[in-house]
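**Q** Next come a sequence and a model predicted from it.
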There are 2 protein chains.
Amino acid sequence: MKLSDAETVIIENITPQLDGGRYAVKRAVGQDLTVEADIFKEGHDVVSALLKWRRTGSGSWSETLMVPLENDRWRGVLPAAGTGSWEYTIEAWGDSFRSWQDEIHKKFRGGLRDLRSESLEGAELVARAAARAGKSPDAKTLKGFAARLKSANAEETEQLAGEPLLAALMTVWPDRSLATERRPALPLWVDRERAVFAAWYEFFPRSAEGRADKGSTFRDCLGRIDDAKAMGFDVIYFPPIHPIGETNRKGRNNSLKCEPGEPGVPYAIGNFRQGVHGGGHKDVAPELGTLEDFSWLIGEIAKRGMEVAIDFAINCSPDHPYVKAHPDWFFKRPDGTIKYAENPPKKYEDVYPLNFHNADWRSLWQELRDVIAFWCELGVRTFRVDNPHTKPVSFWEWLIEEIHQKYPDAVFLSEAFTRPKMMQVLAKAGFTQSYTYFTWRNTKAELTEYLTELTQSEMKEYFRANFFTNTPDILPDYLQNSGRPGFLIRAFLAATLSPVYGIYSGFELCEAAPVPGKEEYIDSEKYQFKGRDWNAPGNIKEFLTRLNAIRRGNRALQEYHNLRFHPAENDRILFFSKSTAAHDNRLLMAVTVDPFSPQTAFVRVPLADFGIAADETFQVEDLLTGERFFWTGERNFISLNPHSRPAHIFRVRSRAGRENGQDVYL
Amino acid sequence: MKLSDAETVIIENITPQLDGGRYAVKRAVGQDLTVEADIFKEGHDVVSALLKWRRTGSGSWSETLMVPLENDRWRGVLPAAGTGSWEYTIEAWGDSFRSWQDEIHKKFRGGLRDLRSESLEGAELVARAAARAGKSPDAKTLKGFAARLKSANAEETEQLAGEPLLAALMTVWPDRSLATERRPALPLWVDRERAVFAAWYEFFPRSAEGRADKGSTFRDCLGRIDDAKAMGFDVIYFPPIHPIGETNRKGRNNSLKCEPGEPGVPYAIGNFRQGVHGGGHKDVAPELGTLEDFSWLIGEIAKRGMEVAIDFAINCSPDHPYVKAHPDWFFKRPDGTIKYAENPPKKYEDVYPLNFHNADWRSLWQELRDVIAFWCELGVRTFRVDNPHTKPVSFWEWLIEEIHQKYPDAVFLSEAFTRPKMMQVLAKAGFTQSYTYFTWRNTKAELTEYLTELTQSEMKEYFRANFFTNTPDILPDYLQNSGRPGFLIRAFLAATLSPVYGIYSGFELCEAAPVPGKEEYIDSEKYQFKGRDWNAPGNIKEFLTRLNAIRRGNRALQEYHNLRFHPAENDRILFFSKSTAAHDNRLLMAVTVDPFSPQTAFVRVPLADFGIAADETFQVEDLLTGERFFWTGERNFISLNPHSRPAHIFRVRSRAGRENGQDVYL
């Protein structure tokens, strides 16, 4: 350590921070960032500390005073005020004026009455603050205090040391000449609100009309979109819309043989024979329409208060224009031919993987960034990224940062169904949201453990779950075997446990026919046209509509960290709460995870968390049915039936007073 | 992130590390540093990882392969090989050869038999390794393997992919061109062995002969030193030996009035009228002798296999030469006079505190560093630092680093009896050892909680407890009220719970007379000459001698992190173990914390930790008495009496075989 580096105050263990500031913590506009740190110095000086923040690299800091808690721990809160890159740090110093106040009080109360030297010291401190105040009107007031201190006796000095106006002015004009600022500052990334609260609806544009004989186009999608809007969804997510390769094209049910007229897999991207922009990732499949059609559709979706999400799948079919233009971007065999994808001993001959560390890797990375920028230009801001865990993390970190510089409102959803640490580091590296293991967490114990990790561990600072109930690739065992009640239960869990969730279309129709022995859909629309009645009997559209409306109307469901589990005396009933910090929206959720039999339980209401007295009678209103009940005390009884009433969302109301001879609950 | 920064492998969550590498973790020569990290990359490549270490900034790294544990966690172990500053880091890469092996095995076992392209790829990888091997004889062997691969059929390729010699050579000559190294490297500080295993004995040189009428000199100290040696102590620690100020000198029992002939407080340092080096911190009090006498004494102590520790108390009496030479180093009143020390409303008029942030602070800091360097030149390597928490932490960090550059074997003991975070940061900033709250932890619950924190939390990486039973400033309530049994108990706890411990002389005589109502000694030798019979009846010298001999003979007591508490069915009996990693030294300690009444308990032996079967009969030998017992099973009975048998140290031995008709236990 050099002498010049000498710090006057220890500032350490700042929370939150990720890997020592290597990665940004995340918030959304309107959320707070509560920062804590250990702050202390040698000896008996009184310490003052500020939490400071600004747009990264901008000139001036916003500041707020931090307050000491216990054991040298301090806290400050900053508001996430706009999307983009921010930084925050802490500045602290031994506060000579507050130390002086402390000294005066101790001496005076200890019986000392010769404080002439101390008064003069105080006068000097105040006079220096007056000088710092410069032309501010405060300077005059401070000079007045300094003059009074100069001639003050012990009683007057003690009184001035406790004078609130003087203390306030000295806080405004402190001596920070020996302050220590923690450097470098820590990064904070702020997203827009829809990044943290949204309901997603995924469908294949070619399936919009539900015809088995032919594919729909962008222009045919409004019906499906209006239906999603009516159900209360916010984001319309399309699997890849690009030209589909012909070489080694797969047929129905992933068959290696493709019959004439079969539409191909949208994930085998690229057909240099098609499109008007080269037939690759910057183009749309002609069977869906033109780029103009797609632009029109984006506009229609926006008009409805929703937005579009598209898929970013870095898969190249053998017909992708990159194969011709940049053969060196791909892996090659010793004989010079390009390698197709493999997961030995499985082969995927319709896809060529890219080599992210090829000799010309910079141009590859830049081109892929330009693909995202292309769609941003067209008005897309949300990207669901296919299999990011098979590409370098550093590539994603670079790409997302590049895009965010121009489009700080861009949202990236990581589809990494892989090992936990890879899923986490992708979120740290910049992905806004992440797919999760939710799809396979079915029991009360599994859900409790997983959600506690997601919402209460360090992950809450950077990893935002997007709870999909199903995907084109995943028809979970639970849905295969649980009938309509299972769909109600999983929808309820997804929509209430996480503020961001989604369904893949067909879920609302309780589609559940698998490839035998697999967690995959039989006759998947990934490989073929699919006939459907979007209003087929037994659908759960009304339930989804109700759930989405309740989410929109209750702020507690729009937050993530506020999830708390509470005891239910039945291993098949999950009981949890969400509440706003101000307690103006308090919800209790009860749901059975048993799709077959009725279940009952005594549940324990977290009275203390909700600010309810032990003997108080409070009202609970089931927002799903409108029924109201009066409960008293912690332990209350509930009865659930997976067929008719799989769950409750109770809004808790306390008695606020009496009006027109009736109790009023708010 | 710039494109050029792109990492190919994620290396994160390296443990141990302190504040992201801001501070060094500590080890002593002969100890291991076990490093773990999360290491992984995208896709299916097999990863290889090395733990690397070197003397800080030196050219070449030592390396050892890391091994994967579970969930992407890896581990490597490096040996602390010499005192001083080291650094360690991790390098990892996607291993193309091991990935190839994996691919071959998967394809072959999956039934593929056309592996011609794969064989050629393998041949190319091996040929490149041969090129890297250059002139090494390995090059030829590798070329041979490459040639065989070139013409290998599927079976031969599968066989070569599993060939151990080829795998070993490819590990020796790996392709690290795309490796990622975690930068900057993390710091490791390595101390000499006595920094982590030592018994300290503190005495005032002027009290060496125990005379009430006059002070002893350095030349009179050999008797006391030989006695400490006979008891088995390693470090002789002297309170300040410098000239003592006369102005406002304190008298007996801290009296403001000093009678003529009273010797003064050694902590009021500096008398410009005395000494031959100016009378300050680089001088010795003439009443103790000369610097030559002190040098002679250092030599005598060294001859006995012990070493000396001196006190570094940055206190200046009003007579300190700094007061005249550097008045600006001190705090001044508005009238220009120098301020004495205060803890309002208390005044300490015999001490002037230094202002570490005065305008000329650099020269002050350098002078204080030169004080330490002065004593290092004379042969002192161990410094007990008085009240470091009243000086800036950055000052200590700078000073210790400066001293360690020339004297890496210097040891600094922090006497910071203050708030926990300040104690911790001083240890992080460089202090080798620290005083602790041990002195006030008396009950089983208090001791268990505190020792668990010290030895099992992150503190174990940098904070080394030196358990003093008492100090010239602290006569704990427990010792005041517990009689001789209390001294036995506290000695046992200090000596067995921590590998570094100390006593302040008089403890062995069970001195316990306090200033009424305070935790201070009455008639303290801090203020006066003190008459003593160093062999007074009732002393516990034999017990201390036995404890120190047992510590020396049992490596398990020389380690710190190996402390484990085990159940004893009595709240007054503490039962704990220490064992070497190799299990060649397994100890069980039982001690009563009740100094008044006999206590018995069933205790639970950690059979599994010790590698003992549930039904196995093992031998325990009480190293304090030599008695041997046979125990079977986990639950065993012990009986303690504070007067006659306050504790056991059982050495555990397992039956190794039979010799001459007798069972042999080792």
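**A** Perfect, thanks for sending it. From a predicted model like this one, the values you see are computed outputs, not experimental measurements.

**Q** OK, now which residue of the stretch 501-650 of chain A is nearest to chain B?
**A** Nearest residue of the stretch 501-650 of chain A to chain B (C-beta to the nearest C-beta) works out as A:K518 at 18.6 Å. Heads up, the C-betas are built off the backbone N, CA and C, glycines and all.

**Q** tell me the SS of whichever residue of the stretch 351-500 of chain A sits closest to chain B?
**A** Chain B sits closest to A:S394 of the stretch 351-500 of chain A, with a gap of 4.0 Å, by C-beta to the nearest C-beta. Recorded secondary structure, A:S394: helix (DSSP: H, G, I helix; E, B strand; the rest coil).

**Q** Same check on A:L547?
**A** Of the three states, A:L547 takes helix under three-state DSSP.

**Q** The closest residue to A:S151 other than its chain neighbours: neighbour count?
**A** Sequence neighbours aside, A:S119 is the residue nearest to A:S151 in space, at 8.0 Å (criterion: C-beta to C-beta, 6 or more residues apart in numbering or on different chains). For A:S119, the tally of surrounding residues (other C-beta atoms under 10 Å in any protein chain shown) stands at 24.

**Q** residues contacting A:S119?
**A** By C-beta atoms under 8 Å, 6 or more residues apart in numbering or on different chains, the contact list for A:S119 reads A:L149, A:K150, A:S151, A:A152, A:N153, A:E156, A:T157.

**Q** so which of the residues you listed would you say is closest to A:R183?
**A** In terms of C-beta to C-beta, no member of the contacts of A:S119 lies closer to A:R183 than A:L149, at 36.0 Å.

**Q** What's the per-residue pLDDT of the residue nearest in space to the middle of chain A here?
**A** Among the residues of chain A, the one closest to the centroid is A:R464, at 3.7 Å (C-alpha atoms, centre = their mean). Per-residue confidence (pLDDT) for A:R464: 98.

**Q** ok, A:I649 - how many residues close by?
**A** Neighbour tally, A:I649, other C-beta under 10 Å: 26.

**Q** Next, give phi and psi for it.
**A** phi -120, psi 100 (degrees, to the nearest 10).

**Q** mind listing the strands in the stretch 51-200 of chain A by residue range?
**A** Along the stretch 51-200 of chain A, counting by DSSP state E, counting those that start in this stretch, strands occupy A:62-65, A:67-68, A:73-79, A:84-94, A:180-181, A:186-191, A:198-202.

**Q** Determine the angle, from 0 to 180 degrees, between the third one and strand A:186-191.
**A** Interaxial angle, strand A:73-79 versus strand A:186-191 (axes from the mean of the first three to the mean of the last three C-alpha atoms, to 10 degrees): 30 degrees.

**Q** Against which helices or strands is strand A:73-79 packed?
**A** Strand A:73-79 sits against strand A:32-40, strand A:47-55, strand A:62-65, strand A:67-68, strand A:84-94, with contacts defined as 3 or more C-beta pairs under 8 Å, 6 or more residues apart in numbering or on different chains; DSSP states H and E.

**Q** Could you give me the buried positions within the second one?
**A** Think strand A:47-55. A:V47, A:S48, A:A49, A:L50, A:L51, A:K52, A:W53, A:R54 (16 or more other C-beta atoms under 10 Å in any protein chain shown).

**Q** what would those look like in TSV with distance to chain B and pLDDT?
**A** What follows is those, written out as TSV (distance: C-beta to the nearest C-beta, whole Å; pLDDT from 0 to 100):
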residue	distance to chain B	pLDDT
A:V47	12	98
A:S48	16	98
A:A49	14	98
A:L50	20	98
A:L51	19	98
A:K52	20	98
A:W53	20	98
A:R54	21	98
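
**Q** name the element the closest residue to A:A613 other than its chain neighbours belongs to?
**A** Distances taken as C-beta to C-beta, 6+ apart put A:L607 closest to A:A613, at 7.2 Å, once the chain neighbours are dropped. Assigned by DSSP states H and E, A:L607 belongs to no helix or strand.

**Q** One more: A:V380?
**A** For A:V380, there is no enclosing helix or strand under DSSP H and E.

**Q** sorry, back to before: my guess is the residue nearest to the centre of chain A contacts A:K428, does it?
**A** No - with contact defined as C-beta atoms under 8 Å, A:R464 does not reach A:K428; the gap is 11.8 Å.

**Q** from the stretch 251-400 of chain A, which residue is nearest to chain B?
**A** The nearest approach of the stretch 251-400 of chain A to chain B comes at A:P345, 2.6 Å away (C-beta to the nearest C-beta).

**Q** mind checking how far that residue is from B:R109?
**A** Distance, A:P345 to B:R109, using C-beta to C-beta, to the nearest Å: 8 Å.

**Q** picking that back up, ok, how many other residues are close to the residue of the stretch 501-650 of chain A closest to chain B?
**A** A:K518 has 11 neighbouring residues, counting by other C-beta under 10 Å.

**Q** before we move on, what about A:T625?
**A** 11.

**Q** give me every residue that touches it.
**A** A:R645.

**Q** what's the pLDDT at it?
**A** 96.

**Q** just the one 4 residues further on next, same as before
**A** According to the per-residue confidence, A:F629 scores 94 in pLDDT.

**Q** buried ones in the host helix or strand of it?
**A** Element membership for A:F629, per DSSP H and E: strand A:628-632. The neighbour-count check on strand A:628-632 (16+ other C-beta under 10 Å) flags A:W631 as buried.

**Q** in the stretch 201-350 of chain A, which spans are strands?
**A** Under DSSP E, counting those that start in this stretch, the stretch 201-350 of chain A gives strands at A:235-238, A:307-312, A:341-343, A:346-348.

**Q** From the contact counts, what lies against the third one?
**A** Packed against strand A:341-343 by the contact rule (3+ C-beta pairs under 8 Å, 6+ apart) you find strand A:346-348.

**Q** returning to that earlier point: how much space is there between the residue nearest to the centre of chain A and A:K578?
**A** For A:R464, the distance to A:K578 equals 16 Å [C-beta to C-beta].

**Q** got it, and A:S654?
**A** A:S654 is 17 Å from A:K578, by C-beta to C-beta.

**Q** again, but for A:I489
**A** 18 Å.

**Q** Over to A:R490?
**A** Distance from A:R490 to A:K578, by C-beta to C-beta: 18 Å.

**Q** Same list (the strands of the stretch 51-200 of chain A) but as JSON lines, adding mean pLDDT and mean neighbour count.
**A** Converted to JSON lines, the strands of the stretch 51-200 of chain A look like this (pLDDT from 0 to 100; neighbours: other C-beta atoms under 10 Å in any protein chain shown):
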{"stretch": "strand A:62-65", "mean pLDDT": "97", "mean neighbour count": "14"}
{"stretch": "strand A:67-68", "mean pLDDT": "98", "mean neighbour count": "12"}
{"stretch": "strand A:73-79", "mean pLDDT": "98", "mean neighbour count": "17"}
{"stretch": "strand A:84-94", "mean pLDDT": "98", "mean neighbour count": "21"}
{"stretch": "strand A:180-181", "mean pLDDT": "96", "mean neighbour count": "20"}
{"stretch": "strand A:186-191", "mean pLDDT": "98", "mean neighbour count": "22"}
{"stretch": "strand A:198-202", "mean pLDDT": "98", "mean neighbour count": "24"}
